[in-house]
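> I'd like to go over a predicted model; first the sequence, then the structure.
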Amino acid sequence: MDRIVFHHDTVLSDIHLLLPNTRHLMARLNRVGQPVFTTKFKILWRGEAADTWERGSASEKEEDDVGSVPEEEEEKEEEDEAGASGEADEEEAEDEPDLDDDGDLKVSRRPKAGPSEGHRRAEVYPVILRQSSAAPEDAGDEEGEDGDQPDVIRIEHTMATSLQDVGKQVWRGAFLLADYIYSHASVFRNATVLELGAGTGLTSIIMATAAKRVYSTDVGEDLLSMCQRNATLNKHLLAAEGELKVRQLDWLKDDLCTEEEEEFSWTEEEVADLYDNTSVIIAADVCYDDDLTDGFFRTVYRLCNSMTKPCTIYLSLEKRMNFTLRHMDVSCDAYDYFSHCLRQLEALGDGPRRFTVEPLATSFPQCLQYERIEHLELWKVTSTPTGGRQRGGEDPPAPTPLPRPDPGPGPGPGPGPDPGPDPDPDP
């Protein structure tokens, strides 16, 4: 196996670092030679989530308190056994610290308890890794019955990638949106749902526990293969009549791929079903780059104009703060541009659809184990017909190009470096 090198532009997700007592097992190498890990995410079912977390924290605290009492009593008994003859020596030791030959302070440490008899450490055997060529259909047989636990989601993902491959990692925005789906399952029951930028497919899998049909979309054969593999690993969690389909959807192209020779292409029946029956669009943490944000909003605008039903879009994202030379201060340019695009979308009133935007509170129960930080946000966009021309006949009009917000001169002794010309907003 070639040596793995982490470059300066490597992006590392912190989801896997915040799961206590969790082992992340390297399962295989993907098609491009990246290490793929398998993580089991525990589901704290719906309304029981908050109580479970509180009870778990309290029980752990009680165990710690109970375990600390015997240690204090034991130390007290040891001091009593020293007798009156040793009291004077102890008083002198308090005045003069115990030092070694080099003058360093001696610190006595309690010896760690060794393993009990009859319990040996589990033996570890080396595993020879090779680039996987197994079909996604065989993924469910890798761990036998362990893969069918109703309260565990198994996700294959990478730990660190370049910015172009961050969709192969797991991000907090996906967990926030998954929590909302679990807490409002009745809203999505029997619905046809489209996810844009599905990545590893975690949110699509959660949605498929309630929805009738979920189209999990992204771009790139390797990423889509990982998403399909995760869908297969968790097919036992899907609703009784639920269906999850992994398909290709490129935000920089106007049409859906329907070529039969292409992997993860759409059939004509699926395209018709998408436009006729979709009532929900979801996206988790996909607006971290201005060009991607442009492509995302254009895709949402184009798809909604082609749909026959009113559609609700749920967007989750994490505000990521960075220090920039332009501002000479901590800023969040990607989030500012996302907010700008939301306002522009709501201001578009001359098309066949009207868009209304509102933020959603994130006080709903936490059903998955992750750190719900204050910078996580959830937005709801409602798309309703205005009576204009929609699907059938002419294609829907292209959205008005969204001008980038002017950042203005940044504070400091002088202007920041020239960022260069902005890319063409029309891909």
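Alright, I've got the coordinates.
> now the chain, which segments are flagged as low pLDDT?
Applying pLDDT under 70 to the chain flags residues 1-25, 45-97, 107-147, 323-324, 327, 388-427.
> The same query, at a cut-off of 50, please.
The model of the chain has pLDDT under 50 over residues 1-6, 8, 47-70, 84, 124-145, 392-427.
> does residue 261 sit in a helix, a strand or a coil?
Recorded secondary structure, residue 261: coil (DSSP: H, G, I helix; E, B strand; the rest coil).
> and it, how many neighbours?
Using other Cβ atoms under 10 Å, residue 261 has 5 neighbouring residues. No exception for glycine: its C-beta is placed from N, CA and C like everyone else's.
> Do a quick rundown of the helices in the chain.
48-81, 87-95, 172-183, 185-188, 202-207, 221-233, 268-277, 290-306, 333-347 (DSSP state H).
> from memory residue 379 sits against residue 312, does it?
No - taking Cβ atoms under 8 Å as the definition, residue 379 is not a contact partner of residue 312, at 11.0 Å.
> report the longest strand in the chain, please.
strand 376-385 (DSSP state E).
> That strand pairs with which strands, and in what direction?
Sheet pairing of strand 376-385 (DSSP bridges) gives strand 311-318 (antiparallel), strand 353-360 (antiparallel).
> between the last one and helix 290-306, what angle do the directions make?
Orientation check (axes from the mean of the first three to the mean of the last three Cα atoms, to 10 degrees): strand 353-360 against helix 290-306 gives 120 degrees.
> Could I get the buried residue list for strand 353-360?
353, 354, 355, 357 (16 or more other Cβ atoms under 10 Å).
> do you know how far the residue nearest to residue 233 when sequence neighbours are not counted is from residue 360?
Among residues not flanking residue 233 along the chain, residue 154 sits closest, at 4.8 Å (Cβ to Cβ, 6 or more residues apart in numbering). According to Cβ to Cβ, to the nearest Å, residue 154 stands 28 Å off from residue 360.
> Neighbours of the closest residue in space to residue 100 that isn't next to it in sequence, how many?
Sequence neighbours aside, residue 106 is the residue nearest to residue 100 in space, at 5.5 Å (criterion: Cβ to Cβ, 6+ apart). Counted by other Cβ under 10 Å, the residues lying close to residue 106 total 8.
> What are the neighbouring residues in contact with residue 106?
Applying Cβ atoms under 8 Å, 6 or more residues apart in numbering, we find residue 106 in contact with 98, 99, 100.
> Name the residues of the longest strand of the chain that are buried.
376, 377, 378, 379, 381, 383, 385.
> contact partners of it?
172-173, 176-177, 180, 300, 304, 307, 310-319, 342, 345, 352-360, 362.
> got the angle between it and helix 333-347?
20 degrees.
> could you give the angle of strand 376-385 to helix 172-183?
Going by the same axes, to 10 degrees, strand 376-385 makes 60 degrees with helix 172-183.
> Render the CA-only coordinates of strand 376-385 in PDB, please.
This file holds the C-alpha atoms of strand 376-385, laid out as PDB (Å, rounded to 0.1, in the frame of the first residue of the first chain):
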ATOM      1  CA  LEU A 376     -25.300  25.400  13.800                       C
ATOM      2  CA  GLU A 377     -28.300  26.800  12.000                       C
ATOM      3  CA  LEU A 378     -31.400  25.400  10.300                       C
ATOM      4  CA  TRP A 379     -33.400  27.300   7.600                       C
ATOM      5  CA  LYS A 380     -36.700  26.600   6.000                       C
ATOM      6  CA  VAL A 381     -37.500  27.900   2.500                       C
ATOM      7  CA  THR A 382     -41.100  27.400   1.200                       C
ATOM      8  CA  SER A 383     -41.700  27.400  -2.600                       C
ATOM      9  CA  THR A 384     -45.200  28.000  -3.700                       C
ATOM     10  CA  PRO A 385     -46.600  28.400  -7.300                       C
END
